[in-house]
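Asks: Fold the following for me, if possible:
(2 chains)
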Amino acid sequence: MSFPWAQHYQPKAPFMRWLDEKLPLPRLVYNAIGGGYPVPRNLNYAWNFGVLAGFCLVLQIVTGVILAMHYAANGNVAFDSVEHIMRDVNWGWMLRYAHANGASAFFAVIYLHMFRGFFYSSYKAPREMVWLLGVVIFLLTMATGFMGYVLPWGQMSFWGAKVITGLFGAIPFVGEPLQIWLLGGYAPDNAALNRFFSLHFLLPFVIAGVIILHIWALHIPGSSNPTGVEVKSESDTVPFHPYYTAKDGFGLGVFLIIYCAFLFFMPNALGHPDNYIPANPLSTPALIVPEWYFWPFYAILRAFTHDLTIPFTHIVIVEAKLLGVLAMFASILVWFFLPWLDRSPVRSGHYRPLFRKFFWFGLVPTVVVLGYCGGSHAEEPYLMLSQIAAAYYFLHFLVILPLISSFERPEPLPFSITEAVLGSDKKAVLGENTTPAT
Amino acid sequence: MVRIIGFLVGLFFAVMALWAFGTGLATVASEGRLKEVTAESAFHREPKALHLASDGPFGKFDNRQLQRGYQVYKEVCKACHSLNHVAFRDLAELGYSEAEVKAEAASWTVPGIDPNTGEATTRPGTPTDYFPKPFANDIAARAANNNAIPPDLSLMAKAREGGAPYIHSLLTGYTDPATFKNEDGKALKQEFPDFQTPTGLYFNPYFANLNVAMPPPLTSDGQVGYKDGTAATVDQMATDVAAFLVWTAEPTQDKRHQTGWPVLGFLIFATVLAYLAKKQIWAQAKVRRD
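Replies: Alright, predicted model coming up:
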């Protein structure tokens, strides 16, 4: 798709003309991220994170493929092979730290990308499919990240794998056989390590495929924007290139500065010391925690400490462990339904006073509290905190969000993006950033 | 329909979370405290501050200190602790010459194979050998150490919360539980009269559960005779070996720091350029659209 005023690809060099006739790949790129893609002119820096996430995936694939040349997926030597990479492979330490911190960077930009989607309701029609594919990408990335963390075969790798695959054991009747089937044994061992390595290598390419669908689906309606008002005329848009390539280039620079500060000066700050101890099935670490990017979900998992019983009896209907597992999966699956849960006709949080309050003072602190509790010991006060936060989390998405639109009076929207940018409406959100109409 | 089902599911999980919260709150209220205070939680100490030349983004290893630390490892630690990931050739990075590395390697006995009979034997080390293990296997290690396995030291500085300061504090932190007081001035024996360090373990408030299987390794000043004339106090030996273990944990750390600054400098420069380019390009947009 494109807007009628989109620029058309015109190959100048004879070779490019020839190529365009046989295989119009340059045309595809031109229309996807070049001059042929008209984009709202008012995107703020929150719109940088999609490109950054794509960059992270490439970074992870490049570093990961090289690491795989030196890594050995065998329980006896996996840990040592990682140390071999750190010590003896030329620039191996940089590759490994780039990959380990790259995972953190990937999740950081994905989360910011998603929070932009939450705040500006990017999930609403006509972009539901973009959002759904995004959630699929997130789930695949979670699986990839989890399996990647197992590969160094340190203590946290082993026990993390044990706890997470143990979740499947909570499923009634089929749980235990399913867990054994997934692991290829009763506990994580060589079989599990090998299949995790295989899948960890495969899934990033699946993610790349879904990202192509994600971008394809995005190009049907075109990008959303901070006002949430759809593009009406040519003056609302600028071509992606050079405008947003330039803006994304600057964003990429800022991202790389932060990323490299971690890579070169605090590469282990986001990891856990226990993962520098070789896996030992006989010694349980004092605290088993996943990487920081899973903490909020881990907190939800552990928050459900009470069985569902028939009140005033001790008859258990659903055990607490299974409840935790269901809640953890539900906390992500609920995003699939967002486009239909949120009924407000207004997209942008800028024009939704009530939604905005629940977002900044409800959802954001809730996720932060869950994250903090998820990285702490499962004891008080962290359990009680995460229980309140988990309750709010579900209420926010499933009760508050669907109801808000009934009580809320949205603020007046600008007539168009151009009007918002050029400031003929004083209430326009971008007021501070814009130059007055001349 | 989606909203009705969602509403019910949301309420269900919220109620279950709050139910768990309620029972948690009831437990806390009935016990009158958030969690049980144990000797470990009240008397465990955080590591003392330790400053090494390798600290921080500008950190660089102090080779003389690393050599002293290596000497402490060789004369004290190696009796029980392995250094699996380090080879003799790596010692060249501490400032030893090729000949010195060769001589140092030869002063160690490593497992070998008799070329004539094929039987297991021992031979002097060569630079390509890794540091030999003090025990043949875990069972031998347990048997010799009161059922505890002395951990490998290669990665110790990265494998413990607190890193090098923790190692230094642990080595200098042995004390008598009978007179031990925590930062608040409370005496352990007064708060926990039943506290006992089991036979074969040693009280050390820097260790997570206060009782460590390792006997105090550095007991008297001058235990190691430093060749460079540094006074070998217990604190100095502990500091030096901690510094050495930072190096064994990551011998490439200097290179990492040295690489980082030019990379960061380039990125900052490139980002400023990218910002200026972005500004210029967008200025055109304003002119054209206005």
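Asks: so what's A:I33 closest to, chain neighbours aside?
Replies: Nearest residue to A:I33, sequence neighbours excluded (CB to CB, 6 or more residues apart in numbering or on different chains): A:F240, at 5.6 Å. Bear in mind the C-beta positions are built from the backbone N, C-alpha and C, glycine included.
Asks: these two touch, right, the one you found and A:Y37?
Replies: Yes. Between A:F240 and A:Y37 there is a contact at 4.1 Å, judged by CB atoms under 8 Å.
Asks: Just the CA atoms of the helix-or-strand element of chain B with minimal mean pLDDT, as CSV, please.
Replies: Every helix and strand in chain B was compared by mean pLDDT, DSSP states H and E; the lowest is helix B:188-191, with a mean of 85. The C-alpha trace of helix B:188-191 is given here as CSV (Å, rounded to 0.1, in the frame of the first residue of the first chain):
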residue,chain,number,x,y,z
LEU,B,188,25.8,-12.3,68.4
LYS,B,189,25.9,-14.4,71.5
GLN,B,190,23.4,-12.1,73.2
GLU,B,191,20.9,-12.2,70.4
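Asks: avg pLDDT for the helix ranked longest in chain B?
Replies: Counting residues, the longest helix found in chain B (DSSP state H) is helix B:253-289. In this model, helix B:253-289 carries a mean pLDDT of 90.
Asks: Determine how far it lies from the middle of the whole chain.
Replies: Chain-centre distance of helix B:253-289: 36 Å, with CA atoms, centre = their mean, to the nearest Å.
Asks: does chain A sit close to that helix?
Replies: Yes. Applying CB under 8 Å from any CB of the partner chain, one finds helix B:253-289 touching chain A at B:255-257, B:259-261, B:263-264, B:267-268, B:270-271, B:274-275, B:277-278, B:281-282, B:285-286, B:289.
Asks: filter these to the buried ones?
Replies: Buried members of the residues of helix B:253-289 next to chain A, scored by 16 or more other CB atoms under 10 Å in any protein chain shown, are B:256-257, B:259-260, B:263-264, B:267, B:270-271, B:274-275, B:277-278, B:281-282.
Asks: Strands of chain A, residue ranges please.
Replies: Here chain A has its strands, by DSSP state E, at A:38-40, A:237-239, A:308-309, A:316-318.
Asks: since we're on A:E176, how many residues are nearby?
Replies: By other CB atoms under 10 Å in any protein chain shown, 14 other residues sit near A:E176.
Asks: correct me, but it touches A:A170?
Replies: No. With contact defined as CB under 8 Å, A:E176 and A:A170 do not form a contacting pair (9.7 Å).
Asks: if I pick residue 147, what's in contact with it?
Replies: Let's take chain A. Taking CB atoms under 8 Å, 6 or more residues apart in numbering or on different chains as the criterion, A:M147 is in contact with A:F196, A:F197, A:L199, A:H200, A:L203.
Asks: meant chain B, my bad for not saying
Replies: Residues near B:N147 by CB under 8 Å, 6+ apart: B:A213.
Asks: what helix or strand does it sit in?
Replies: Using DSSP states H and E, B:N147 falls within no helix or strand.
Asks: Run a quick neighbour tally on A:N268.
Replies: Look at A:N268: counted by other CB under 10 Å, it has 17 neighbours.
Asks: Just to check, it is in contact with B:A159?
Replies: No. The criterion here is CB under 8 Å, and A:N268 misses it with B:A159 at 10.2 Å.
Asks: Take the strands of chain A and write them to TSV, including mean neighbour count, distance to A:P226 and mean pLDDT.
Replies: Shown next, in TSV, are the strands of chain A (neighbours: other CB atoms under 10 Å in any protein chain shown; distance: least, CB to CB, whole Å; pLDDT from 0 to 100):
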stretch	mean neighbour count	distance to A:P226	mean pLDDT
strand A:38-40	22	8	94
strand A:237-239	23	14	93
strand A:308-309	16	43	84
strand A:316-318	12	43	84
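Asks: Now tabulate those in TSV and tack on distance to chain B.
Replies: Formatted as TSV, the strands of chain A follow (distance: least, CB to the nearest CB, whole Å):
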stretch	distance to chain B
strand A:38-40	11
strand A:237-239	6
strand A:308-309	6
strand A:316-318	9
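Asks: With distance to A:I66 added, can I get those in CSV?
Replies: Formatted as CSV, the strands of chain A follow (distance: least, CB to CB, whole Å):
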stretch, distance to A:I66
strand A:38-40, 34
strand A:237-239, 36
strand A:308-309, 49
strand A:316-318, 46
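Asks: Which one of the ones you listed lies nearest to B:G24?
Replies: When the strands of chain A are compared by CB to CB, strand A:308-309 sits nearest B:G24, at 15.8 Å.
Asks: Can you tell me what sits against the closest one?
Replies: Residues from elsewhere that reach strand A:308-309 (CB under 8 Å, 6+ apart): A:I315, A:V316, A:I317, A:V318, A:E319, A:A320, A:L323, B:M16.
Asks: ok, now which ones touch the closest residue to the fifth one other than its chain neighbours?
Replies: In this case it means A:E319. Excluding its sequence neighbours, the residue lying closest to A:E319 (CB to CB, 6+ apart) is A:D307, at 5.4 Å. Applying CB under 8 Å, 6+ apart to A:D307 gives the contacts A:V316, A:I317, A:V318, A:E319, A:A320, A:L323.
Asks: thinking again about what came up before, any chance of the contacts of A:M147 in a markdown table, with neighbour count and pLDDT too?
Replies: Putting the contacts of A:M147 into a markdown table (neighbours: other CB atoms under 10 Å in any protein chain shown; pLDDT from 0 to 100) gives the following:
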| residue | neighbour count | pLDDT |
| --- | --- | --- |
| A:F196 | 24 | 96 |
| A:F197 | 20 | 97 |
| A:L199 | 14 | 97 |
| A:H200 | 21 | 97 |
| A:L203 | 17 | 97 |
